[in-house]
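Asks: Quick one, structure for this:
(chains A, B and C)
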Amino acid sequence: MSRPVDAEPRPPGLRGATRVLLERELDLAWSGGGGPLLACGFFACLTAVLPLAAGGDPRTLSPVAGGIAWLALALASLLSLERLFERDLEDGALDLLAIGHLPLESVVLIKALAQWIAVGLPLALTAPVAALALGLPVSLAPLAALSALIGGAGFALTGALGAALALGAKRGGLLIAVVVLPLFIPPVVFGAGALERAASGQSPAPALAFLTAYVLFAGVIAAFAGAAAVRNAQG
Amino acid sequence: MFGLSNPQRFMRFTGPLTPVLWTAAAVLLAVGTWLSFTVPADYQQGDTVRIMFVHVPAASLGLGAYAALGVSSFFALVFRHALADAAARAAALPGAAFTALALFTGSLWGQPMWGTWWVWDARLTSVLVLFLFYLGYMALRASIDDEQKGARAAAVLGLVGLINLPIVKFSVDWWNTLHQPASFLTPGASGLDPVYLPPFLTMLAAYGVLFAALWLTAIRTEIRRRRVLTLRARKALEA
Amino acid sequence: MIHALSLSDLTVSRGGRRLFTGLDLRLQAGEAVALTGANGAGKTSLLRTVAGLLRPDAGEIAFHDGDGNRLDDHLARGREVHFLGHQDGLKTGRTARRELGFQCDWLGHTQTGFDHAVEAFGLEPLLDLEVRRLSAGQRRRLAMGRLVGSPRALWLLDEPMAPLDARWRAVFADQMRRHLEADGLILAAVHDPLPIPARTLDLGGLA
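Replies: Below is the predicted model of the structure:
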């Protein structure tokens, strides 16, 4: 049978489609207004302003260093969420994503993964520096980076869900923050808790385990609820 | 139960029910209030123990209303039922009000007991988070112009919130053990003196019935509002 | 491979307003149907419903293969359906090459699909420009590239030729003709008649 194109069609396959979409999302995250740089800059600003607001005394700062770093991390993770689905809805690309080989649930997960790589990873590298500046012991820096990396996945997944829910809303960015921040409580508690336990000589393992469990759980919820929200916005 | 999912039948059935509920709520509230002020004061807490008769029912109903909202959202999503959506929407405001009342009375109670208006103990913090969930739900619903889409997005969030509440609660409890465990006596803690049971249970029942009355009235209002909108749209088409 | 599309007793509403009820349509391989009707009659909504982007109130949409077996809806839409809406789905900040490449890859490409698409719609001089620099007609040609670059049987087109000038309309008509000759199916919402032999389905005026 002859077709407009003579070669046999080669569906990209699930792995191929995942790679293709991930590459595109990463490209968009990096090119569109420097999302990761912006997030890291925002994170750095917050960590610089907080001691100025709370007084720079190391004795008051260092016990809460881990907590402040985690709060800043959660806020910085919110920054580029607004554009995650909105721009694809505006220009019609979301329709294209919906009729690809991958189900919409996977599309949501891949977008969250790209968000994690583009924003979570740079933030995880910045986190220990910020925490040290606030008076966290140097020995805890690797733990700060590791927990920020795991927690960043939770922020990305929950954030992607929030971004999908806020599709079609006025002032989407602000709305995402109000919807998503209460859901950020568990990762903030477990992440900051890991640092706190380690600082007081306890093992951070349970906190990290809880944090990881939250991420896995958030993955399931974000995929299904996020896809439902996207379908709703399209329909 | 499912026969009621028809709005007309729902309206017919709940029409006579609503005044009954309001009356029952008024009577129960009056009796409960009278009982609350006539029981003897606590030998430790003094008169402040009476705040508990408002605080604990309000907190329970705040949580119960969220459960109602979440379950209604589930039915609205799965069966695409307009009545379930109206029910979810109608539960949000009373639920948020009860939760706010619980926070307010909790802080009133905290002042004499803890010497401060607010303490970050697990119970109060959980109620605060519940209040934030309500805020998010109402904000999402209000900021999407397309009413149908806003309703469905809010339903997804309501369901997500329902699933997430236990996890958030767990994390707050875990966070509390990490810090000084609150050794204070919390309102409604176990070991309630049996003398306080009658006013407490009456007030709990009163709040439950009051919520039912508020909820039903709000659902009925919502159904009427939608009828008006439909009529207006029809008129606009005919014009 | 989709060989037939059948809509039976389809009812669709939008924003609480019923657009059409009890719509039936059968489309066979090699056939084109032009959807006509007033603005707001539901042409776009019908296309979106067939693409699975909108849920019908009632009725059924079925895809069948050459032997008359019903195909799985998700599989059929994920592999065999093209949807070209009002919006081109292009990212303004990326180059035409990247965007066309992504669209073809994402929808399933052939080894030579990309080159065919470039050739068919004269995209060569545009490839290294950012999409924001392209005119509406050029963007539409770029978006059309995926129809050729990624072979899918059913084309759902929403006023595809509106931004094109006469020359590119002729080119696109030629591409549609080739698609039909290759046993493709076309369902297109149009204001002007399609420049190819097509049945017409009129959705009428405002319901």
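
Asks: contacting residues for the residue sitting nearest the centre point of chain A?
Replies: With distances taken as CA atoms, centre = their mean, A:Ala156 lies nearest the centre of chain A, 2.3 Å away. Residues counted as contacts of A:Ala156 (CB atoms under 8 Å, 6 or more residues apart in numbering or on different chains) are A:Ser77, A:Ala112, A:Leu113, A:Gln115, A:Trp116, A:Val119, A:Gly120. All C-beta atoms are positioned from the backbone trio N, CA, C, and that covers glycine.

Asks: host element of B:Pro40?
Replies: B:Pro40 belongs to no helix or strand when assigned by DSSP states H and E.

Asks: does the most centrally placed residue in chain C count as helix, strand or coil?
Replies: Nearest to the mean C-alpha position of chain C, by CA atoms, centre = their mean, lies C:Leu156 at 2.5 Å. Here C:Leu156 is strand, with the state taken from DSSP: H, G, I helix; E, B strand; the rest coil.

Asks: Which positions are bridged to it in the beta structure?
Replies: C:Leu156 has these beta-bridge partners by DSSP bridges: C:Phe83, C:Leu187.

Asks: quick one: it and C:His82 touch, right?
Replies: Yes: using CB atoms under 8 Å, C:Leu156 and C:His82 qualify as a contacting pair, with a distance of 6.4 Å.

Asks: Count the neighbours of B:Ala139 for me.
Replies: Residues lying near B:Ala139 (other CB atoms under 10 Å in any protein chain shown) number 19.

Asks: burial count for B:Pro166?
Replies: 9.

Asks: What of B:Arg9?
Replies: Using other CB under 10 Å, B:Arg9 has 12 neighbouring residues.

Asks: Contact residues of chain B facing chain C?
Replies: B:Asp146, B:Gln148, B:Thr230, B:Ala233, B:Leu237 (CB under 8 Å from any CB of the partner chain).

Asks: got a list of what the closest residue to the first one other than its chain neighbours touches?
Replies: Just to be clear, that refers to B:Asp146. Leaving aside its chain neighbours, B:Asp146 sits nearest to A:Gly168 (6.4 Å; criterion: CB to CB, 6 or more residues apart in numbering or on different chains). A:Gly168 makes contact with A:Leu89, A:Ala233, B:Ile144, B:Asp145, B:Asp146, B:Lys149, B:Gly150, B:Ala153 under the criterion CB under 8 Å, 6+ apart.

Asks: now with 6 Å?
Replies: A:Ala233, B:Ile144, B:Lys149 (CB atoms under 6 Å, 6 or more residues apart in numbering or on different chains).

Asks: Same question for B:Arg50.
Replies: B:Arg50 neighbours (CB under 6 Å, 6+ apart): B:Ser36.

Asks: Ok, A:Val215 next?
Replies: With the criterion set at CB under 6 Å, 6+ apart, A:Val215 makes contact with A:Ala153, A:Gly154.

Asks: Give me the local confidence score for it.
Replies: Note on A:Val215: pLDDT of 94.

Asks: What helix or strand is it located in?
Replies: Counting by DSSP H and E, the element that carries A:Val215 is helix A:205-234.

Asks: Residues of chain B that sit close to chain A?
Replies: Along chain B, the residues adjacent to chain A under the rule CB under 6 Å from any CB of the partner chain are B:129, B:132-133, B:136, B:139-140, B:143-144, B:149, B:152-153, B:156-157, B:160, B:164, B:167-168, B:171, B:175, B:178.

Asks: Great, nothing more from me.
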